[in-house]
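Asks: Give me the fold of what follows.
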Amino acid sequence: MKRTLSGFSALLLVATAVHAQTYPDVPTGHWAYDAITELTQDGIIKGYPDGTFKGNRNLTRYEFALAIRDALTTVRTRLSALEASANKPAAGPTVINKTDTGTDPKVSEEITRLATDSVKLQKLATEFQDELAALGVDVEALKKDDADLQKRVAAIESAQARLKIGADLNLIARSSQSFSGNGIPDLNTNTTKPGSLLSNVSVLHDLALNLDAKLSDTATGSATILVSNYLSYLNGSASQFKGVNESPNTDIAIWKAEANLPVTLFGKAVDLTVGRYEHQVNYFIFSRPDNDRYVNIAAYDNGNYSLDGAKLSTSFGGLSVGLFAGKNNTVKSNDVANFVNGQFQAVNNSNNLDIEQSAGVTLGYAINDNISLNAAYAAFGYQPAVVGPRVVETNRLEAFGGGLKVKNLIGGVSLFADYAQSNLNKNDVQKENSQNYAINTGVGYAANESLKFSAGYLEVQPKFSAPGNWGRVGSITNPTGVKGPYGGINWTTGKLGVGLNGGWYETIRLNGAPVSKIDNLAHGLLKLSYSVNSNLNLGVDYETVVWNQRNTGYHPTQSFITLNSTLTLAENTALRLLYQVADVRSASSNTASIFGDAGTSGVGVAQLSVKF
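Replies: The predicted structure follows:
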C-alpha cells in the first residue's frame, strides 16, 4: 500500500551535516516532524546531501521502513564503538575527589543522544512494524533490544566512572552439637560441643568494601577493605584449623590495595602490579586452601594469598612470563592477626610453619590452541624450625615443577600431567631432599554437555612440603604420603545433577620409619542437586573415608551427610542453609589423633549474601 507523504518523505530521505537543516514541504504539525528532524541532525537518518527530495515522488511505507532499519543499524554501530571506548580508561587527573567522576564529556554527550534517539526510533518502528517485518526485521526482538540498549548505556556510564565502589556482605549464623557428648570434630577439624544447636550459635559478619579506580589513561587501582569477625572466629586463615574463637571481635584488615601500571622495560610492554596484591602459582606450589567447608565467600575460596610487594607479567610470542615477590607476614589485621600470611605443613604433616616472605617465577607456553606447557619456581622464607621425624632445622623452602595440558585430543578427550618438588633448606644447604615430590596426571572425557568422566593418578610423597592446595580426603587437607588412582562421573539432566567421585590410595612410608598401621585409604563423595526453579536449588552430599589397617584389622571411618539449599531472594541477594551430620569411628590412638574422638555430631549454618 502506498501513502503520499510529500513533505514527510522528504524528511526521511534528506540528510544534512548542518544542525539547522530544513526540509521543503514538511507539514510542521505532523507527529513525526520533531523526531525526524532530531534524528537527521544526529546523523541517524540519512538521505540526499543537498536537502531536497528529488522528483518529489510518493514515498511508500516500505521505503520508510528501509530508512528506519538502516537507522537502527547506525544506533547499534555507534553503541558498540562506545562500549569499546569505555574499556579504555578516560584521561583525567590522578587525584580523585568526590566530584570527579572521570567521565569523558564527549562520551557522555554521545550516550545521552543515543538514549534519546533510541526512544524516537522505537516509536517510529511501532508505526511501521508491518513493513519492518516484511524486511525480515524481528519487531518483538527489536522491542527487547530497546530495553537491552538502556542497560548497555548504563553499563557504559558505569565504565566511564573514575571511581567505582561496591561491597560484598555476608551474615552468618553457625552452630554445632555433639550427639555423643564428647568433642567430635567437624569437617573443618573443629571440635563440636554437647547440647542443642540453639545453645551453641555464633553470629558472624563479613563486609568487604571494594574500590576500583582509574588512576590515568592506562593505570588502574583497586582495594578491598574487610570489616569482619568471621576470620577472627576462624583464628585466621591458615591451611589447617586450630580451633575457633568463641568470642570474636569485629576486626579491620586491608585484604588488597594495589596499583596496576602498564610500563615499558627494555622496549617490552610489561604489566606491573605494586602494593598489597593477591596471587597464586598453581595448586601444588602456591595456592590457598578453602579453609571453611561450610561457608562460601569467593574472596577466601579463590586460592589467592595476599602479599606486600610487586609482580609483573609480559609475553614473548607464545611464551608468557611472570615474576612475583613480597612479604607475607606483614599482611595482618587491626589486632595483628595473620589473616592471610600463608602456612604450610613441613614433612608429613608434622609442623605448621608460617611463611614470612616469598618470591618466584612462572612460565607458560601455548604450542597451539589445544596444547600448553607451564613451569614455576618459588622460594619461601620462615623462622628457623625443627621439622621431620628427625631433628632437622630449616628456614627456607624451595618448590618447583611443571605441567602439560592437552584439550580436545580426540573428540571430547583432554589430558593433563603435573609434577612438583619441594626442598627444605637451612639457608642454602638442603636438609630434606628425598621423598619430596608430587605427581598428578589425569584424563577427562566429555561425552556431551551433560555427561563427563574423569580419571587420574595422584602421588604425594611423605616429605612433599609446599603451601599448595591439592585437595582433601574427608577432614584431611593436603594429604601427604599417599598414592593411587581416582575417578569421577558428573551428569546433569533437566533439573537434576549427579556427581560421583572417589579415590583409592595406599600409604607411602617414610624412609627408616616403622611400618605404618594404615595401609589403605578409600574416599568417596556423592553429590545430588535439584533445581526446583530459577530461584531455589536443593542439594544432598554424602562423603565417606575408610581406612584399612591391614596389620590390625581395624577400619576407622569418617562419614558426612550434608543437606543444603540456596534461595535467590533478589538479583544480588541469596540465602544458603546447610545442615550436616558427621559420624566418626576411630579404632586406635593412631587414627584418633587425625580423625578425632569417635561419635556423632551435627553442624548447622545459615548464610545471607548480599552484593552491592
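
Asks: roughly how far apart are the nearest residue to T250 once chain neighbours are set aside and L197?
Replies: In space, and not counting its chain neighbours, T250 is closest to N229: 4.8 Å by C-beta to C-beta, 6 or more residues apart in numbering. The way it works is simple: take the backbone N, C-alpha and C, and place the C-beta from them, glycine included. From N229 across to L197, the span is 20 Å (C-beta to C-beta, to the nearest Å).

Asks: More neighbours: which of those two?
Replies: N229 (19 against 15; other C-beta atoms under 10 Å).

Asks: Show the contacting residues for that one.
Replies: 204-206, 248-251 (C-beta atoms under 8 Å, 6 or more residues apart in numbering).

Asks: Could you find which two of those residues are furthest from each other?
Replies: D206 and N249 (13.5 Å; C-beta to C-beta).

Asks: okay, these two: which has more neighbours?
Replies: Neighbours were counted for D206 and for N249 using other C-beta under 10 Å; D206 has more, 23 against 10.

Asks: Can you tell me who that one pairs with across the strands?
Replies: When assigned by DSSP bridges, D206 has beta-bridge partners N170, S228.

Asks: Touching, it and L169? I think so.
Replies: Yes. Using C-beta atoms under 8 Å, D206 is in contact with L169, at 7.4 Å.

Asks: what about A71, helix or strand, and which?
Replies: Element membership of A71 [criterion: DSSP states H and E] is helix 61-86.

Asks: Any idea which helix or strand in this structure has the lowest mean pLDDT?
Replies: Least confident helix or strand, the chain: helix 6-13 with a mean of 40, by mean pLDDT, DSSP states H and E.

Asks: Just the element for S454, please.
Replies: Applying DSSP H and E, one finds S454 within strand 451-460.

Asks: Only alpha carbons, please: show stretch 528-545 as PDB.
Replies: The C-alpha atoms that make up stretch 528-545 are tabulated as PDB, following Å, rounded to 0.1, in the frame of the first residue of the first chain:
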ATOM      1  CA  LEU A 528      23.000 -34.700  44.200                       C
ATOM      2  CA  SER A 529      21.500 -31.400  43.200                       C
ATOM      3  CA  TYR A 530      18.000 -30.400  42.100                       C
ATOM      4  CA  SER A 531      16.900 -27.100  40.700                       C
ATOM      5  CA  VAL A 532      13.300 -26.500  41.800                       C
ATOM      6  CA  ASN A 533      13.000 -23.300  39.800                       C
ATOM      7  CA  SER A 534      15.300 -20.400  38.800                       C
ATOM      8  CA  ASN A 535      15.400 -19.200  42.400                       C
ATOM      9  CA  LEU A 536      15.600 -22.400  44.500                       C
ATOM     10  CA  ASN A 537      18.300 -25.100  44.400                       C
ATOM     11  CA  LEU A 538      18.500 -28.100  46.700                       C
ATOM     12  CA  GLY A 539      21.300 -30.500  47.400                       C
ATOM     13  CA  VAL A 540      22.400 -33.600  49.200                       C
ATOM     14  CA  ASP A 541      26.000 -34.700  49.700                       C
ATOM     15  CA  TYR A 542      27.400 -38.000  51.100                       C
ATOM     16  CA  GLU A 543      31.100 -38.300  51.800                       C
ATOM     17  CA  THR A 544      32.900 -41.200  53.400                       C
ATOM     18  CA  VAL A 545      36.500 -42.100  54.200                       C
END
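
Asks: tell me which residues in that stretch are buried?
Replies: 529, 531, 537-539, 541, 543-545 (16 or more other C-beta atoms under 10 Å).

Asks: ok, V584 touching Q558?
Replies: Yes. Using C-beta under 8 Å, V584 makes contact with Q558 at a distance of 5.5 Å.

Asks: check contacts around the residue positioned nearest the centre of the chain.
Replies: For the chain, the residue nearest the mean C-alpha position is N302 (6.0 Å; C-alpha atoms, centre = their mean). Listed by C-beta under 8 Å, 6+ apart, the contact set of N302 reads 278, 288.

Asks: Next, it: phi, psi?
Replies: phi -90, psi 0 (degrees, to the nearest 10).

Asks: Same check on L121?
Replies: Dihedral angles (degrees, to the nearest 10) for L121: phi -60, psi -40.

Asks: Wait, it touches A67, no?
Replies: No. With contact defined as C-beta under 8 Å, L121 does not count as touching A67 (10.4 Å).

Asks: any chance you could map the helices in the protein?
Replies: 6-13, 33-41, 61-86, 105-127, 129-134, 139-160, 230-233, 298-301, 589-595 (DSSP state H).

Asks: Comparing those, which yields the minimum mean pLDDT?
Replies: Of all the helices of the chain, mean pLDDT reaches its minimum on helix 6-13 (a mean of 40).

Asks: Which positions within stretch 179-197 qualify as buried?
Replies: 184-194.

Asks: Closest one to G442 out of those, please.
Replies: L187 (24.6 Å).

Asks: Now the closest one. Its backbone dihedrals?
Replies: phi -70, psi -20.

Asks: count of neighbours near the nearest residue in space to it that is not next to it in sequence?
Replies: Residue nearest to L187 in three dimensions, not counting chain neighbours: R293, with 4.4 Å by C-beta to C-beta, 6+ apart. Residues near R293, counting by other C-beta under 10 Å, number 20.

Asks: Any stretches of the stretch 301-450 of the chain with poor pLDDT?
Replies: 336-343, 346-351, 388-390 (pLDDT under 70).

Asks: Quick one: neighbours of the residue lying closest to G195 once chain neighbours are set aside, just the number.
Replies: Counting by C-beta to C-beta, 6+ apart, Q177 is the residue found nearest to G195 once chain neighbours are left out, at 6.0 Å. Residues within reach of Q177, counting by other C-beta under 10 Å, total 20.

Asks: For Q177, give me its contacts.
Replies: 192-197, 200, 601-602.

Asks: Kindly report the same for N334.
Replies: 251-253.

Asks: What separation do you get for it and D251?
Replies: From N334 to D251 the distance is 5 Å (C-beta to C-beta).

Asks: what about the residue nearest to the centre of the chain, distance to E278?
Replies: N302 is 8 Å from E278, by C-beta to C-beta.

Asks: Surely G468 is in contact with I285?
Replies: Yes. G468 lies in contact with I285 (C-beta under 8 Å); the separation is 5.7 Å.

Asks: Next, show the common contact partners of those two.
Replies: 399, 420.

Asks: For A208, grab the count of nearby residues.
Replies: Neighbour tally, A208, other C-beta under 10 Å: 22.

Asks: quick thing: my sequence starts at 430, can you match it?
Replies: All right, first residue 430 from here; so that's A637.

Asks: Just give the closest residue to L853, not the sequence neighbours.
Replies: E861 (3.9 Å).
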